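A.B. asks: Would you be able to build a 3D model of this:
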Amino acid sequence: MKDLKLKNLIIVPTDFTDVADCAISHAASIAKTGNDTITLVHIVTSETKAKLKKEGKTMASLEKQMQEQCDLILKQHGVTANYELPEGNIFTTIGETAKKIGARLMVMGTHGVVGLNQKVLGAWAIKVTTSSPVPVVIVQHKKIGANGYKKIVLPIDSSKEVKQGIFYAILMAKQYNAEVVLFGKNESDEFLANQVKKNLSFAKSFLVKNSVKNSEQISGKGNHVKELLKFSSNENADLIIIMTEKEMDVVVEFIIGPENEKIINNEAEIPVLCVNPDLSYFRGGSILEGSILFQ
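C.D. replies: Okay, here's the model as predicted:
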């Protein structure tokens, strides 16, 4: 990944809800192990201004609330935090802010699928994820454990895009001295099965090269997502890494897809790291060629 420049900055969207607080706790753990700072972001919309006016408050009140959250992060976690209050649209401005400040990662909370009244940190978080220029860790209500992400599950299918997930699995594993479990998809088609086998071999070789503890598991013959979630829950996985999908006939837009949406909203509330694949890395060879991790 020659053009990938990671900076020590994690962005966390907040709407001052419990799941936003949960996202902050996850981000603080990642930041502490990775020597990062945190930037909280709250998008100011016409709805925000109307609410402030109704409550007899001003933007200064909102700024004070954001600063208090930053102070609390430093007090509770020992991690430096600041904030941004950009005006705009929650679905695009969060990603634009992440790019502007040079964040390497986003951590965001979700209430899951809760009907028509979900806000930014509800099921619509998925829409923010696919417009993000950086990977996004989506969490629900489950707080991060004291030891962080010690067991990471990386689903492996027949696609070439899945190889990019290896890069982020290694980065996170190195932060937490974690084990990466490669969960291979069971394919009945011989060609696809061979592709899965090749991807598993590729992934394992780079994990070994980077001294990351790893193991391998092949899915049963049932539904792959159900098998993945059952395995991850039974193994007490701390993190699942998935790749988003390229929108058909659209070069720059990505979708989560119904299967991955089930993973994100899993009943065990295991956090999910979503990566929008950078298709430019497939031009002219291995996507991992040139990366500092793979010299």
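A.B. asks: mind listing the strands for the protein?
C.D. replies: When assigned using DSSP state E, the strands of the chain occupy the ranges 9-13, 37-41, 81-84, 105-109, 136-139, 151-156, 179-184, 214-218, 239-243, 245-246, 254-255, 272-275.
A.B. asks: ok, of those strands, where does mean pLDDT dip lowest?
C.D. replies: Mean pLDDT is lowest for strand 254-255 among the strands of the chain, at a mean of 65.
A.B. asks: which residues of this protein score low on pLDDT?
C.D. replies: Filtered on pLDDT under 70, the chain yields the residue ranges 1-6, 112-124, 246-255, 279-295.
A.B. asks: Just confirm Leu62 contacts Lys51, I think it does.
C.D. replies: No: assessed by CB atoms under 8 Å, Leu62 is found out of contact with Lys51, at 9.6 Å. To be clear about C-beta, it is placed using only N, CA and C from the backbone, and glycine gets the same treatment.
A.B. asks: Which one of these two is surrounded by more residues?
C.D. replies: Between Leu62 and Lys51, counted using other CB atoms under 10 Å, Leu62 has the larger neighbour count: 19 against 12.
A.B. asks: Please report the distance of the closest residue to Ile170 other than its chain neighbours from Gln140.
C.D. replies: Excluding its sequence neighbours, the residue lying closest to Ile170 (CB to CB, 6 or more residues apart in numbering) is Asn210, at 5.1 Å. Separation of Asn210 from Gln140 (CB to CB, to the nearest Å): 30 Å.
A.B. asks: now do Ser215
C.D. replies: Ser215 is 26 Å from Gln140, by CB to CB.
A.B. asks: So these two - more neighbours on which side?
C.D. replies: Each of Ser215 and Gln140 has its neighbours counted (other CB under 10 Å); Gln140 has more, 20 against 13.
A.B. asks: residues in contact with the more buried one?
C.D. replies: Val19, Cys22, Gly109, Thr110, His111, Gly112, Asn265, Glu269, Pro271 (CB atoms under 8 Å, 6 or more residues apart in numbering).
A.B. asks: go with 10 Å
C.D. replies: 19, 22-23, 109-112, 264-272 (CB atoms under 10 Å, 6 or more residues apart in numbering).
A.B. asks: Pretty sure Ile94 sits against Thr130.
C.D. replies: No: Ile94 is not in contact with Thr130 according to CB atoms under 10 Å; the separation is 11.6 Å.
A.B. asks: Need the overlap of contacts for those two.
C.D. replies: Val136.
A.B. asks: Which one's more surrounded, these two?
C.D. replies: Between Ile94 and Thr130, counted using other CB under 10 Å, the more crowded position is Ile94 (27 against 19).
A.B. asks: List the beta-bridge partners for the residue lying closest to Val19 once chain neighbours are set aside.
C.D. replies: Distances taken as CB to CB, 6+ apart place Gly109 nearest to Val19, at 3.2 Å, with adjacent residues excluded. Beta-bridge partners for Gly109, by DSSP bridges, are Val139.
A.B. asks: Sounds good, over and out.
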